[in-house]
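Asker: structural data only, the sequence is not supplied:
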C-alpha cells in the first residue's frame, strides 16, 4: 500500500495544512501528530491532556468518557520484566474474563502475540518479558469485535509496567458515527488525476462502534487504481476492494479519528466529472484542486472555488458547512474543465516512427543495396517478446506499480524496437 503512485505523504501534509475545521473553516494552526509518534513526546496544541489516549477529554463527552481509555506507566510495584494489565469498565469496575493480548514488536523477531484472560479482579499478568530498547510492547483488550489499546512502550530494566484499559460496551448502530469534517484534494499529473481524501470520523455515542464484519464499503470512482492508505495507531483498517473501493474494518471508541487514503484516476480528455459517495452523515467538507492555467472547477452545492496558496503552490478551494436542520451531505460531485493535456509529442513520436518505417520499406525496395536478412523465425520471436513486454508494462501501469513517466518512456523505447522488427519482417517479404 505504501510508496506507490501518488506521493501520499507530501499530499497528506498539504491537505492537513488546508483542512477545514467546523468552527471557522480556517487553516489548521497546528500539525497533527504523526502516527508513529513516541508516547512520551509532548502533545501538540489542542490535543487532550488526559492520559495517553487520543479519544479522552473530548469536549461535550459524558464525564465517564472523558477518562483515558488506556494508560501505561512504569511502576516500581510491578516486578522487572512484567506487565500487569487492569481491565475496567466505563464505571471503573473490574472486568473478569476479558481477552487481553500483548503484541511485541522487534526488528529481529518481527511481531508476536501473547494472550491471557483477566481474573476476578480484572487483572491479567505477563511475566519474564525482555527489557530494553530493542523490543516494544502494546496491550490490547478484545471485546465483541472492538479493540481497546494502550500506546506502545518499552520495558525498563529496573521496574515493570502497569497498564489500565477500559473496556466499553459496543454497538453496531451506524448512526453513532458522523463525518465531522472531510476533504478531497486533486493533483493533475501526466495521464492521471491523483486523489487524496481525508475524513475525521466522530463516534458521538457512549459505546465503541464496531464496523461491519466484512468492513464498511467506501466506494471510489470507476477506474480508481494505485490505492494506498496511511496506517494509524488506532483500530481502523483500510483494505482495497478492487473495482469497488475499499473496506473500513475495526472499531471506533467514543471520540474522533483521522483517516487518510489516496488513489489515482486515469485522465481522458480535458474534462472530468467525479462523484465521491460519503457513507457517513457529513456536515463539513472541503475540495482542493491544483490551480492549473485554464482549469475551471465546479462542485455541486458549493461556492465558486477561490485561489489559495501554500508554500508556493496554488490551489482552487471551495468548502461548505451544513447548519443544524439542513440536509447533510451524502456525496460530492466535482466537475473539472480545461484540464491541461499531456501534449501532442507522444502522438507525433508515434507518427514519426510510422513514417520512418514506411520510408525504410520504400528505401529497401529501391536502393538495391544488399542488406543482411534476419531469419523469419527469429523476427517472430522478437516480435512476440516485445508485444509481451508491452502488455506487461501496461498491466503494471494500470496497477500503479510504475508511474506514468516511466511507462511513457519505456513504451516509446519498445515502440522503436517493434518498428525495427516490423521493418525487418516487411523487408524479408520483399
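Answerer: Great, that's in hand. Given the structure is predicted, the values throughout are model-derived calculations rather than measurements.

Asker: check which element follows the helix or strand harbouring residue 317 along the chain.
Answerer: Using DSSP states H and E, residue 317 sits in strand 313-321. Using DSSP H and E, the helix or strand that follows strand 313-321 in sequence is strand 329-337.

Asker: which parts of the strand holding residue 317 are buried?
Answerer: Within strand 313-321, the residues scored as buried using 16 or more other CB atoms under 10 Å are 315, 316, 317, 318, 319, 320, 321. Where you see a C-beta, it was placed from the backbone N, CA and C, and this is true even at glycine.

Asker: with distance to residue 223 and pLDDT added, can I get those in a markdown table?
Answerer: Below are the buried residues of strand 313-321 laid out as a markdown table (distance: CB to CB, whole Å; pLDDT from 0 to 100):
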| residue | distance to residue 223 | pLDDT |
| --- | --- | --- |
| 315 | 24 | 90 |
| 316 | 23 | 93 |
| 317 | 25 | 93 |
| 318 | 24 | 94 |
| 319 | 26 | 92 |
| 320 | 26 | 92 |
| 321 | 30 | 89 |
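
Asker: which of the residues in stretch 292-302 are buried?
Answerer: Quick answer for stretch 292-302 (16+ other CB under 10 Å): 295, 297, 298, 299, 302.

Asker: and the contacts of the one helix or strand residue 86 maps to?
Answerer: Element membership of residue 86 [criterion: DSSP H and E] is strand 83-88. Strand 83-88 is contacted by residues 75, 78, 94-95, 98, 100, 102, 116, 118, 122-126, 129, 137, 139, 141, 155, 160-167 when judged by CB atoms under 8 Å, 6 or more residues apart in numbering.

Asker: can you pull up the bridge partners for residue 249?
Answerer: Counting by DSSP bridges, residue 249 is bridged to residue 237.

Asker: okay, it: pLDDT?
Answerer: Per-residue confidence at residue 249 stands at 96 (pLDDT).

Asker: same deal with residue 343?
Answerer: Listed pLDDT for residue 343 reads 47.

Asker: any stretches of the stretch 301-430 of the chain with poor pLDDT?
Answerer: Applying pLDDT under 70 to the stretch 301-430 of the chain flags the ranges 342-374, 396-407, 409, 412-430.

Asker: and what of the stretch 1-150 of the chain?
Answerer: Using pLDDT under 70, the stretch 1-150 of the chain drops low at 1-66, 107, 109.

Asker: contacting residues for residue 75?
Answerer: When contacts are counted by CB under 8 Å, 6+ apart, residue 75 touches 84, 159, 160, 161, 162.

Asker: before we move on, back to that, from the contacts of strand 83-88, which ones fall inside strands?
Answerer: Per DSSP state E, strands hold the following members of those: 75, 100, 102, 116, 123-126, 137, 139, 141, 160-166.

Asker: which of these count as buried?
Answerer: For the ones in strands among the contacts of strand 83-88, a burial check counting by 16+ other CB under 10 Å picks out 100, 102, 116, 123-124, 126, 137, 139, 141, 160-166.

Asker: quickly check these for the two that are furthest apart.
Answerer: Farthest-apart pair in those is 160 and 166; separation 20.7 Å (CB to CB).

Asker: ok, then the element right after the helix or strand hosting residue 264?
Answerer: Following DSSP H and E, the helix or strand that holds residue 264 is strand 255-266. Using DSSP H and E, the helix or strand that follows strand 255-266 in sequence is strand 271-282.

Asker: elements contacting that next one?
Answerer: If you count contacts as 3 or more CB pairs under 8 Å, 6 or more residues apart in numbering; DSSP states H and E, strand 271-282 packs onto strand 177-189, strand 192-203, strand 216-219, strand 329-337.

Asker: in JSON lines: those strands, plus distance to residue 69 and mean neighbour count.
Answerer: Formatted as JSON lines, these follow (distance: least, CB to CB, whole Å; neighbours: other CB atoms under 10 Å):
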{"stretch": "strand 177-189", "distance to residue 69": "17", "mean neighbour count": "21"}
{"stretch": "strand 192-203", "distance to residue 69": "12", "mean neighbour count": "22"}
{"stretch": "strand 216-219", "distance to residue 69": "22", "mean neighbour count": "17"}
{"stretch": "strand 329-337", "distance to residue 69": "30", "mean neighbour count": "17"}
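
Asker: ok, which of those comes nearest residue 391?
Answerer: Closest among the helices and strands packed on strand 271-282, using CB to CB: strand 192-203, at 19.8 Å.

Asker: helices and strands around the closest one, which ones?
Answerer: helix 8-18, strand 177-189, strand 255-266, strand 271-282.

Asker: so which elements touch the second one?
Answerer: With contacts taken as 3+ CB pairs under 8 Å, 6+ apart, strand 177-189 sits against helix 8-18, strand 192-203, strand 271-282, strand 284-290, strand 329-337.

Asker: switch to 7 Å and redo it
Answerer: Contact here means 3 or more CB pairs under 7 Å, 6 or more residues apart in numbering; DSSP states H and E; on that basis strand 177-189 packs against helix 8-18, strand 192-203, strand 271-282, strand 284-290.

Asker: tell me the strands beside the shortest one, with direction?
Answerer: So that's strand 284-290. Strand 284-290 has its sheet partners listed here by DSSP bridges as strand 177-189 (parallel), strand 313-321 (antiparallel).

Asker: can you check the second one too?
Answerer: The strands beside strand 192-203 in its sheet (DSSP bridges) come out as strand 177-189 (antiparallel), strand 255-266 (antiparallel).

Asker: which one of those strands lies closest to residue 411?
Answerer: Across these, closest to residue 411 is strand 255-266 (CB to CB), at 15.1 Å.

Asker: in that closest one, which residues are buried?
Answerer: 255, 256, 257, 258, 259, 260, 261, 262, 263, 264, 265.

Asker: could those residues go into a markdown table alongside distance to residue 194 and pLDDT?
Answerer: Formatted as a markdown table, these follow (distance: CB to CB, whole Å; pLDDT from 0 to 100):
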| residue | distance to residue 194 | pLDDT |
| --- | --- | --- |
| 255 | 31 | 88 |
| 256 | 26 | 88 |
| 257 | 24 | 91 |
| 258 | 20 | 91 |
| 259 | 18 | 93 |
| 260 | 13 | 93 |
| 261 | 12 | 94 |
| 262 | 7 | 93 |
| 263 | 8 | 94 |
| 264 | 6 | 93 |
| 265 | 8 | 93 |
